[in-house]
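Chemist: pasting the sequence and the predicted coordinates here, then a few questions.
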Amino acid sequence: MRKVNSKQVKEISEGDDMRPEYDFAQMSGGVRGKHYKAYREGHTVKIHKANGTTIVQHFRLDDGAVMLEPDVREYFPDSEAVNHALRCLIPLMPKKRRAKIKT
């Protein structure tokens, strides 16, 4: 691996362009959201240690956690914005619907 000197680091950090080795364009064959559905369902990671043991970890979204679609994230960048918008919508919901959600 090639070492980067301080002058190169400064040039990279000052520029707005990505380095050429980080090619995320379609011509590289990358697919955005390829593992999206599987990630939402949860996934398992196996860690093989040098001493021969294996650790298995299961990951899933925490209860109450949601994943926002990219177009929604543009308008609601953080949980505070999402919670504010949802609290504004609650009074507009029919009362019957609110009662069912609470049970």
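Modeler: Cool, the structure landed. Here the structure is a predicted model, which means the values were calculated and not measured.
Chemist: mind checking how far Trp41 is from Asp78?
Modeler: Actually, residue 41 is Glu rather than Trp. According to CB to CB, to the nearest Å, Glu41 stands 25 Å off from Asp78. Just so you know, the C-beta spots here come from the backbone N, C-alpha and C atoms, and that holds for glycine as well.
Chemist: state the mean pLDDT of stretch 45-60.
Modeler: Averaged over stretch 45-60, pLDDT sits at 91.
Chemist: identify the residues contacting that stretch?
Modeler: Glu41, Gly42, His43, Thr44 (CB atoms under 8 Å, 6 or more residues apart in numbering).
Chemist: just the endpoints, please. Distance across stretch 65-83?
Modeler: Terminal residues of stretch 65-83 are spaced 12 Å apart (CA to CA, to the nearest Å).
Chemist: would you mark the buried spots in it?
Modeler: Of the residues in stretch 65-83, Val82 count as buried by neighbour count, 16 or more other CB atoms under 10 Å.
Chemist: which residues touch it?
Modeler: For stretch 65-83, contacts defined as CB under 8 Å, 6+ apart pick out Arg40, Leu61, Ala85.
Chemist: which residues of the protein fall in strands?
Modeler: Using DSSP state E, the strands of the chain run over residues 43-48, 54-59.
Chemist: which of the residues in the first one are buried?
Modeler: Going by neighbour count (16+ other CB under 10 Å), nothing in strand 43-48 comes out as buried.
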